[in-house]
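**Student:** I'd like to go over a predicted model; first the sequence, then the structure.
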Amino acid sequence: MKMKFLLILLLSFCFESVSSHFDPYGTLGVKRGATLQEIRKAYKLLAKEWHPDKSNNPSAQEEFVEINRAYELLRDPERRKLYDNRGISEDTPNFRPPRPEAYAYSTFDPFDDLSSVFGKGFRFQFHMPDSGLFHEQTITLKGYEKNVLPASARTPQLILTYSDWCMGCVRAAPMWKRLGEEMNPVGISMSTVHAGREPKLARNFGARTDSLPHLVLLMDGRIYQYRDETLSVINIIRFIREKFGTQLIPRVDDSNYEDFLNGWRDNRVRVLITGKAEVLRLRYLALAYQYRRFAAFGYARLIEGETTQIQDRYNIPSTMDSMFVFREEVDTPAAKLSMPDLPFSVMTDVLEANKYLLLPRISSQKILDELCPLDSSRVRRRLCVMLVAEEEDEDAQESLRKYAKVYRGPGKDRVGFVYVSKKGQQAFVQALIEADESMVKNPDRRLVIIWRRNLSSVSFLWIPGTWKRDEESENDGFAEDILPPWNSSQYELTAALKRLFSDDGNLPNETTMKELVDENAAGLLQRIYNRILILLESIKDRIRKEDLLAAVSVIATIVFIMAVAYVMAYLVSLEEETIQAKRSKATSPSSNSCASTASTATLQLKMHELRGETYNGMVRLLKPGCRTIVLLLDKETKAKILPVFHRIVWPYRKNKTLMFGWMYVERGLDWYKQLLSLALPLWEGNPDPQQLESINPRNCIGTILSLNGHRKYFCIYHAKHLEGQQRAAYAEEPLLVDDSSSFIFVERLLDGLSNWLDRLFEGTTHRYHVNYWPEFGNK
């Protein structure tokens, strides 16, 4: 019974803590440990912004009440302490109004089946308040890639990552609901991601299980991290404003409004928004972001003395917000809208109907697809009248613009007027010229009517003659029911359109069209620079404060290691220079180059002559693991062969187990004969003295002996020594006979020494063992 009572109390406490909706810290946008001065400062700023007499927001009254409620709670130390410890936010500490709805979100009754708590029927399900809204807005990875990511190019996307067992998500649910009421009317979409069901997508947003809920803003495919510690409506709106930037809607006044309106030559209409508010409304920023490809926006704050000329020229009401859409004509707006509260949907409808100039320029494939769409139906086909001209030819453009404005002929709703740059879209214009044999090679100021039947095929007709300016009027007196014409070229165009929109109208030429060049695309270097900026900003957004210390530590460690390595390398280079200078001073010059080389080699690599005085130290008294490598030579060949030997063994100079030397054959021939007699295999008995006497000293020159004094064996190298082959008799050993059938130059005797040394240190050379080392006698 006692166990059941404790369980009931525990469940009740959980439900009471979960069902708390009011967050005074989030309302004021301050941290939990904020001082009273910080709370007071935040309250004054918010009260000034959301005061019902100063704000036009419909929810200003409710927000102002919530702000005052939060400030009254946090300014009282006792009430603030109760809220921090127990979550109590009412005037009296023990007051707890009944909230039956707190249990309405749960799918189970905590008082049911308590007897089966410890049995197999135990079942505990947790559902947070307002979780239905989270689940309704949940997206998957496939939905994100297919819908949300492409839509971010026109509509900013707020994405919240949450999970089921997240207390912060419980507290954020009411705020998310209020935020949706603010964002949906202004053109900002909202969605959620379940971290447990979509872990890959959550990681893509930089969300972690210990930092939920996690909020990001997706704009044009780029992810911006929300870094404020407090999730509140005010802070999120401020975050969105920062990401829109100040260049999206610049300020316009009497000094620069004409330059702004006359900037339509960038192929975009001009949208002028006016109002009295100092801070731009979020819906205007979202509208400018959505139509940034088609329109340039400006905001004129109605202040006496700064925007008086604008108000007088366009008769702007001072008590309402207004939106003006200008095309090429800056004196008369193409559309005007004035209301106390401009709805986002109405503004989009107005812009959708006026988002192109009267004569727009075809500067990319996207604009061509929008202005000259595909239409395979012959009955309802859409035609485009295209002027081939340069941007500098404003007279021809203005003439066609006036024609397009007053055209009332057949198919008025199914014909569009555009112009294309001959240099900017050279491949497209050249394809139209080559497909019509009667067409002259110079298409400058020529009109062509095109019909896009599919993606690759274009039917077209060139209008005879060049397009004439207005002052070239011929006053031909053509029929005014279609168009009051000014010259023959306009008459030709009118007649061609009338014929094409009749039943038997036909476009005689057809060509294959390639994708148009994007004239406004950034260059390679600019794209690389933009990519680097995006990468740096992404890294900056994803690194949290707690991760920054670890990153700095890793970078500092790498820098320290590189600095130490540089200092060590510098000190080593200094030491080598010092040693080299000492050696150069100690070396005396010699006229004999070979002798000089040998002297220098002796200084750099110690080599000892094997004779009676050095025999014990170099052979008999060697320590275990040590070897002496000896070169056999005579006085005549020493100057030639010793430098070669030195160069080959130079890489092994730092090996402390090796000793290098040479032996005069004349001085050690008897010792060499005794060594061979102890080691070389014979058929039977001792070697014949006659055979030992047959050793030719000249054949011994260039022989290398590797002597292991401790283990009593040696290895032998000679250019004619066929190591590894079976020798049938002692007399067949080339070191013992005078083989005059072949000879080797002295300079080539050591060509195979490097490979032999490799095998020697690998242990693959043949070893000749002896029972003892013979005595070395001097002659």
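**Tutor:** Nice, thanks for sending it over.

**Student:** How many residues are close by Tyr284?
**Tutor:** 24 (other C-beta atoms under 10 Å). From N, CA and C alone the C-beta is placed, and that goes for glycine too.

**Student:** what's the answer for Arg653, then?
**Tutor:** A count of nearby residues for Arg653, using other C-beta under 10 Å, gives 12.

**Student:** per-residue pLDDT, it?
**Tutor:** At Arg653, the model reports a pLDDT of 86.

**Student:** repeat for Phe239
**Tutor:** Phe239 is assigned a pLDDT of 92 by the prediction.

**Student:** Helix, strand or coil: sort out it for me.
**Tutor:** Three-state call for Phe239 (DSSP: H, G, I helix; E, B strand; the rest coil): helix.

**Student:** Now the element after the lowest-mean-pLDDT helix or strand in the chain, going C-ward?
**Tutor:** Every helix and strand in the chain was compared by mean pLDDT, DSSP states H and E; the lowest is helix 593-604, with a mean of 41. Downstream of helix 593-604, the first helix or strand assigned by DSSP states H and E is strand 607-609.

**Student:** dump the residue contacts of the closest residue to Phe714 other than its chain neighbours.
**Tutor:** Spatially, and ignoring its direct neighbours in sequence, Phe714 is nearest to Leu707 (4.9 Å; C-beta to C-beta, 6 or more residues apart in numbering). Residues in contact with Leu707 (C-beta atoms under 8 Å, 6 or more residues apart in numbering) are 618-619, 622, 627-630, 714.

**Student:** Just the ones of those residues in strands?
**Tutor:** 627-630, 714 (DSSP state E).

**Student:** Could you pull out the buried residues of stretch 296-315?
**Tutor:** 296-302, 307, 310-311, 314 (16 or more other C-beta atoms under 10 Å).

**Student:** Just the residues contacting it, thanks.
**Tutor:** By C-beta under 8 Å, 6+ apart, stretch 296-315 touches 248-254, 257, 260, 263, 266, 268-278, 280, 284, 287-288, 291, 316, 318, 324, 333, 336.

**Student:** Can you say which of those residues are buried?
**Tutor:** 248-249, 252-254, 257, 260, 268-275, 280, 284, 287-288, 291, 316, 324, 333, 336.

**Student:** phi, psi of the residue nearest to Pro343 when sequence neighbours are not counted?
**Tutor:** Nearest residue to Pro343, sequence neighbours excluded (C-beta to C-beta, 6+ apart): Pro185, at 7.5 Å. When read as degrees, to the nearest 10, the backbone of Pro185 gives phi -70, psi -10.

**Student:** Which residues are in contact with Pro185?
**Tutor:** Counting by C-beta under 8 Å, 6+ apart, the residues that Pro185 touches are 283, 343-344.

**Student:** I'd like to know the average pLDDT value across the helix or strand Leu533 falls within.
**Tutor:** Secondary structure assigned from DSSP H and E places Leu533 in helix 524-542. Averaged across helix 524-542, the pLDDT comes to 68.

**Student:** After that helix, which helix or strand is next?
**Tutor:** Downstream of helix 524-542, the first helix or strand assigned by DSSP H and E is helix 545-586.

**Student:** Ala47 and Arg627, how far apart?
**Tutor:** According to C-beta to C-beta, to the nearest Å, Ala47 stands 93 Å off from Arg627.

**Student:** neighbour-wise, which of those two wins?
**Tutor:** Using other C-beta under 10 Å, the more surrounded residue of Ala47 and Arg627 is Arg627, with 24 against 15.

**Student:** correct me, but Gln141 touches Leu201?
**Tutor:** Let me fix one detail, which is that residue 141 is Leu and not Gln. Yes: the pair Leu141 / Leu201 is scored as a contact, 4.6 Å apart, by C-beta atoms under 8 Å.

**Student:** So the two - more neighbours on which side?
**Tutor:** Leu201 (22 against 15).

**Student:** Spit out the contact partners of the more buried one.
**Tutor:** Listed by C-beta under 8 Å, 6+ apart, the contact partners of Leu201 are 139-141, 144, 193.

**Student:** now with 10 Å?
**Tutor:** Residues counted as contacts of Leu201 (C-beta atoms under 10 Å, 6 or more residues apart in numbering) are 139-145, 148, 159, 161, 193-195, 207.

**Student:** again with Leu272
**Tutor:** 252, 257, 260-261, 296-300, 310, 314, 316, 322-326, 333, 336.

**Student:** and the gap between it and Asp321?
**Tutor:** Leu272 is 12 Å from Asp321, by C-beta to C-beta.

**Student:** what is in contact with the two at once?
**Tutor:** With C-beta under 10 Å, 6+ apart, Leu272 and Asp321 have no common neighbours.

**Student:** pLDDT on stretch 36-46, on average?
**Tutor:** Average pLDDT, stretch 36-46: 87.

**Student:** phi, psi of Leu282?
**Tutor:** According to degrees, to the nearest 10, Leu282 has phi -60, psi -30.

**Student:** ah, wrong one, I meant Met513
**Tutor:** Backbone torsions of Met513, given as degrees, to the nearest 10, read phi -110, psi 130.

**Student:** again, but for Val325
**Tutor:** Dihedral angles for Val325 - degrees, to the nearest 10 - are phi -110, psi 120.

**Student:** same thing with Asp321?
**Tutor:** According to degrees, to the nearest 10, Asp321 has phi -80, psi 140.

**Student:** thought it was touching Ala277?
**Tutor:** Yes: in this structure Asp321 lies within contact range of Ala277 using C-beta atoms under 10 Å: 8.0 Å.
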